[in-house]
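Participant: sequence and predicted structure, then a few things I'm wondering about:
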Amino acid sequence: MGICIMIIDIDRLSPEGLEIERDFEFFNSELVEEEAVFLEPAHAEVTLRRTGDEILLKGRIKTKISLICCRCLSPFELPVDSHFDLVYLPEELEEEKEQLETEDLLKNFYYNRRVNLRKIILEQVNLTFPARPLCSEDCPGICPVCGKNIKEEGCSCDLK
């Protein structure tokens, strides 16, 4: 597996900006969900534009990830199709957060005049995880009496 580190030097961004379309590979251990596994590389389409010191990133990420259902403990596939629209400010402004407007607190910061695109793509993938991963909304889970996966094995326990 070839891990690509993609650092963008903002001083080299042309006035037209930069459009990138490529696959990014990550280690499964980089995912915030402990049992999550990438089933394919993350395909990203990203546009970077510079207006003064602000960097505007707009893009889309598509991939597939295997998660474990929190009810039945079975693996299931989570298709990821995430759109993002981000603003990055220079690190100097981070030190002046007290003076920023409330909407500015939602912005991100870049350091040393560089933007780490790989890190941004990974953050966006991690933000797509549901709080409670479910294989389906109506997953019956595991029987508290016999311990069987009700969806796969069924059970005849009286759960009333």
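Facilitator: Done, it's in.
Participant: just checking, residue 32 touches residue 130?
Facilitator: No - using CB atoms under 8 Å, residue 32 and residue 130 do not qualify as a contacting pair, with a distance of 11.7 Å. From N, CA and C alone the C-beta is placed, and that goes for glycine too.
Participant: which residues sit in contact with residue 84?
Facilitator: Residue 84 sits next to 57, 58, 59, 60, 61, 124 when contact means CB atoms under 8 Å, 6 or more residues apart in numbering.
Participant: out of those residues, which end up buried?
Facilitator: The neighbour-count test (16 or more other CB atoms under 10 Å) marks 57, 59, 61, 124 as buried among these.
Participant: next helix or strand past the one helix or strand the last one maps to?
Facilitator: With secondary structure defined by DSSP states H and E, residue 124 is part of helix 117-126. Where DSSP H and E defines the elements, the next helix or strand beyond helix 117-126 is helix 150-153.
Participant: quick one: the strands in the protein?
Facilitator: In chain order, the chain shows strands spanning 7-9, 18-24, 37-38, 42-51, 54-68, 75-90, 108-110, 114-116, with DSSP state E as the criterion.
Participant: which one of these lies closest to residue 147?
Facilitator: The stretch from those with the least distance to residue 147 (CB to CB) is strand 54-68; that distance is 16.3 Å.
Participant: if we can go back for a sec, what's the helix holding residue 124 packed up against?
Facilitator: strand 18-24, strand 42-51, strand 54-68, strand 75-90 (3 or more CB pairs under 8 Å, 6 or more residues apart in numbering; DSSP states H and E).
Participant: re earlier: using JSON lines, please lay out the strands of the chain together with mean pLDDT and distance to residue 143.
Facilitator: Putting these into JSON lines (pLDDT from 0 to 100; distance: least, CB to CB, whole Å) gives the following:
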{"stretch": "strand 7-9", "mean pLDDT": "88", "distance to residue 143": "51"}
{"stretch": "strand 18-24", "mean pLDDT": "94", "distance to residue 143": "41"}
{"stretch": "strand 37-38", "mean pLDDT": "97", "distance to residue 143": "27"}
{"stretch": "strand 42-51", "mean pLDDT": "95", "distance to residue 143": "37"}
{"stretch": "strand 54-68", "mean pLDDT": "96", "distance to residue 143": "18"}
{"stretch": "strand 75-90", "mean pLDDT": "94", "distance to residue 143": "19"}
{"stretch": "strand 108-110", "mean pLDDT": "82", "distance to residue 143": "46"}
{"stretch": "strand 114-116", "mean pLDDT": "89", "distance to residue 143": "46"}
